[in-house]
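In: Here is my input, please return the structure:
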Amino acid sequence: MSKQFIQTPLGMPDILPKDQAFWEKIQSVLKEFASFYGFKKIDTPILEYTEIFEKGIGPVSDIVEKEMYSLKTRGGDSLTLRPEGTAPIARAYLQHGMQNLTQPVKLYYLGPFFRHERPQEGRYRQFHQFGFEVLGERSPAIDAQVIQLSYRILEALKIKKLTILINSMGCSLCRPYFKKILKNYLSAKGSQLCPTCKKRMKKNPLRVLDCKEEKCQRIKNQAPKIVDHLCEDCKGHFKEVLEFLDELRLPYILDHCLVRGLDYYTKTVFEIIPLSISDMKEGSGVDIKSQVALVGGGRYDDLIKLFSRRDVPAMGAAAGVERIMREIRNFGEIQSDHSKKPVVFIAQLGELGKRKSLKLFDDFQKAKILVAESFGRDNIKSQLKVADKLNVKYSLILGQKEALEGTIILREMDNGRQEIVKLDKIVEVVKRKLKK
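Out: Model prediction:
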């Protein structure tokens, strides 16, 4: 029999106890900032109808063409494990009549997502994201606020070197014109493009600008810039977004090759990468292309029109939890173990001692004093060895004799001093000692 079944599927890692402190910190900061900025939590199903993603993301995107986990139900429905969070939230907005609420509707989420791609550091087949969506508002101030919120969360997680990459994707009026200009430019360079970009050039030339292959870098860097071909509305919108970022003193650079990978984006698109602007200067020795975005997003004013006739402008962002955890570890300012450690250890001997110890454990929990125990062991010496390893301040020893007399032995672990305390007074005695 193959031993493969006792391993996780490729690219779908366990989240081990040693990693949980990072998760808890990210969730705590996320909840705090989301509440302050007025976002309400939403959870959508892990499975959605496949058409939601085919229509929303775009049939020629990498996600739809190559990365979705899809299945057929017994009833013949096509369902897909969600590869991203925006299209499901657009669906929920329509399904639950949120357009009748006071606009904008501000939602946030946190959960697992799935994409079938080659696993590597920072990219997994099952990964986790948190994200923000603002639906029903077209003001550039919302674009700036979503970027601001994303940046401040990373800052609060002690990730110190951050830069915002920003661009405009234009809209349905000016983007088709730019696509023609870009396609003409790329056609002249066709023989120099990588095989993937040769295909992209025919289906969606904007995707060539997203290529990471070395041979395509010079070609895309010298390509026409979309900001030079924006309509007046898109140009004015983008200008205001940048003015807001200037006012907020957030570090950004214009990245003319930033297009993101999904078809629903319009106007503002952005990413936040773990590099300072000084690191990005030529000659710094840092490979910018190798940097994976911690947060990315943009405006998607036309997405809901694909699902209905409603005109609902929207702006959103999504952050990769595993990528953020990697950066947090690099800086080492959040410990990988739980920050709260037990200060008391209960050692017991005999059936009566064990029963009394279980009740005592409950009393300490109600007093919010963190205790440890080893109820599965009966040897006092082995239990105190565990207490030593945990580096607790006090050990409480409750044997058969103490249990019958209603007492307990309190031992100070640093000097070995012991005293006998009434069992019903021990919680208060420990509480007073800890205050001192």
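
In: Across the sheet, point out what pairs with residue 269.
Out: residue 167, residue 298 (DSSP bridges).

In: And the next helix or strand past the helix or strand of the chain with the lowest mean pLDDT?
Out: Taking mean pLDDT, DSSP states H and E as the measure, the helix or strand of the chain with the lowest value is helix 62, at a mean of 76. Proceeding N to C from helix 62, the next assigned helix or strand is strand 70-72, under DSSP states H and E.

In: Who are the packing partners of that next one?
Out: With contacts defined as 3 or more C-beta pairs under 8 Å, 6 or more residues apart in numbering; DSSP states H and E, the secondary structure elements packing on strand 70-72 are strand 78-81. In short, each C-beta sits where N, CA and C put it, glycine included.

In: repeat that with 10 Å
Out: helix 50-57, strand 78-81 (3 or more C-beta pairs under 10 Å, 6 or more residues apart in numbering; DSSP states H and E).

In: Can you list the low-confidence ranges for this structure?
Out: Within the chain, the ranges that satisfy pLDDT under 70 run 1-4, 60, 261, 281-290, 331-339.

In: Need the residues that contact the helix or strand that contains residue 365.
Out: According to DSSP H and E, residue 365 maps onto helix 350-366. Defining contact as C-beta atoms under 10 Å, 6 or more residues apart in numbering, one finds that helix 350-366 is touched by 342-344, 346-349, 369-373, 375-376, 378, 380, 396-404, 406, 408, 423-424, 426-427, 430-431.

In: From those, keep the buried residues only.
Out: 342-344, 346-349, 369, 371-373, 380, 396-399, 402-403, 408, 423, 426-427, 430 (16 or more other C-beta atoms under 10 Å).

In: re the thing from before, distance between the helix holding residue 365 and the chain's centre?
Out: Centroid separation between helix 350-366 and its chain, computed with C-alpha atoms, centre = their mean, to the nearest Å, is 40 Å.

In: Kindly export it (C-alpha atoms) in PDB.
Out: Taking C-alpha atoms only, helix 350-366 is exported to PDB below (Å, rounded to 0.1, in the frame of the first residue of the first chain):
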ATOM      1  CA  GLY A 350      -3.600   9.000  43.500                       C
ATOM      2  CA  GLU A 351      -7.300   8.900  42.400                       C
ATOM      3  CA  LEU A 352      -8.500  11.300  45.000                       C
ATOM      4  CA  GLY A 353      -5.600  13.700  44.300                       C
ATOM      5  CA  LYS A 354      -6.500  13.500  40.600                       C
ATOM      6  CA  ARG A 355     -10.200  14.200  41.100                       C
ATOM      7  CA  LYS A 356      -9.400  17.200  43.400                       C
ATOM      8  CA  SER A 357      -6.800  18.400  40.800                       C
ATOM      9  CA  LEU A 358      -9.400  18.500  38.000                       C
ATOM     10  CA  LYS A 359     -11.600  20.700  40.200                       C
ATOM     11  CA  LEU A 360      -8.700  22.900  41.000                       C
ATOM     12  CA  PHE A 361      -7.800  23.300  37.400                       C
ATOM     13  CA  ASP A 362     -11.300  24.500  36.800                       C
ATOM     14  CA  ASP A 363     -11.000  27.100  39.600                       C
ATOM     15  CA  PHE A 364      -7.800  28.500  38.100                       C
ATOM     16  CA  GLN A 365      -9.400  28.800  34.700                       C
ATOM     17  CA  LYS A 366     -12.300  30.800  36.300                       C
END
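
In: Output the contacting helices and strands for the helix or strand following that helix.
Out: Helices and strands here follow DSSP H and E; after helix 350-366, the next one along the chain is strand 371-373. On a contact count with 3+ C-beta pairs under 10 Å, 6+ apart, strand 371-373 meets strand 344-348, helix 350-366, helix 380-390, strand 394-398.

In: now with 7 Å?
Out: With contacts taken as 3 or more C-beta pairs under 7 Å, 6 or more residues apart in numbering; DSSP states H and E, strand 371-373 sits against strand 344-348, helix 350-366.

In: Okay, buried residues for the longest one please.
Out: By that I understand helix 350-366. Buried residues in helix 350-366, counted by 16+ other C-beta under 10 Å: 350, 352-354, 356-357, 360-361, 364.

In: just curious, which of these is nearest to residue 165?
Out: Taking C-beta to C-beta as the measure, residue 165 lies nearest residue 364 of these, at 51.0 Å.

In: measure that closest one to residue 428 for me?
Out: 11 Å (C-beta to C-beta, to the nearest Å).

In: and stretch 8-16, how far out from the chain's middle?
Out: Per C-alpha atoms, centre = their mean, the centroid offset for stretch 8-16 relative to its chain is 16 Å.

In: What are the contacting residues of it?
Out: 23, 119, 124-126 (C-beta atoms under 7 Å, 6 or more residues apart in numbering).

In: next one: stretch 27-34
Out: In contact with stretch 27-34 (C-beta under 7 Å, 6+ apart) are residues 108, 110, 130, 149, 152-153, 156-157.

In: Buried ones among these?
Out: Buried by 16+ other C-beta under 10 Å: 108, 110, 130, 149, 152-153, 157, out of the contacts of stretch 27-34.

In: Find the residue at the geometric middle of this structure.
Out: residue 321 (2.8 Å; C-alpha atoms, centre = their mean).

In: quick one, what contacts that one?
Out: Residues counted as contacts of residue 321 (C-beta under 7 Å, 6+ apart) are 26, 128-130.

In: Also residue 56?
Out: So residue 56 contacts 87, 90, 264, 303, 306 (C-beta under 7 Å, 6+ apart).

In: Excluding residues flanking it in the chain, which one is nearest it?
Out: Nearest non-adjacent residue to residue 56, counting by C-beta to C-beta, 6 or more residues apart in numbering: residue 87, 3.5 Å away.

In: helix or strand for the one you found, which one?
Out: Applying DSSP H and E, one finds residue 87 within helix 86-95.

In: Contacts made by that helix with the rest, please.
Out: So helix 86-95 is contacted by 42, 44, 48, 52-53, 56-57, 82, 99, 105, 107, 133, 135, 300, 303-304, 307-308, 316 (C-beta under 7 Å, 6+ apart).

In: Restrict those to the buried ones and give me that as a ChimeraX selection.
Out: Entered in ChimeraX, the line below selects the buried ones among these, by 16+ other C-beta under 10 Å:
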select :42,44,48,52,53,56,57,82,105,107,133,135,300,303,304,307,316
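
In: Residue 416 and residue 431, how far apart?
Out: In terms of C-beta to C-beta, residue 416 sits 22 Å off from residue 431.

In: Within its local environment, how many residues does residue 221 see?
Out: By other C-beta atoms under 10 Å, 10 other residues sit near residue 221.

In: contacting residues for it?
Out: Residue 221 neighbours (C-beta under 7 Å, 6+ apart): residue 257.

In: any idea how far it lies from residue 206?
Out: In terms of C-beta to C-beta, residue 221 sits 15 Å off from residue 206.
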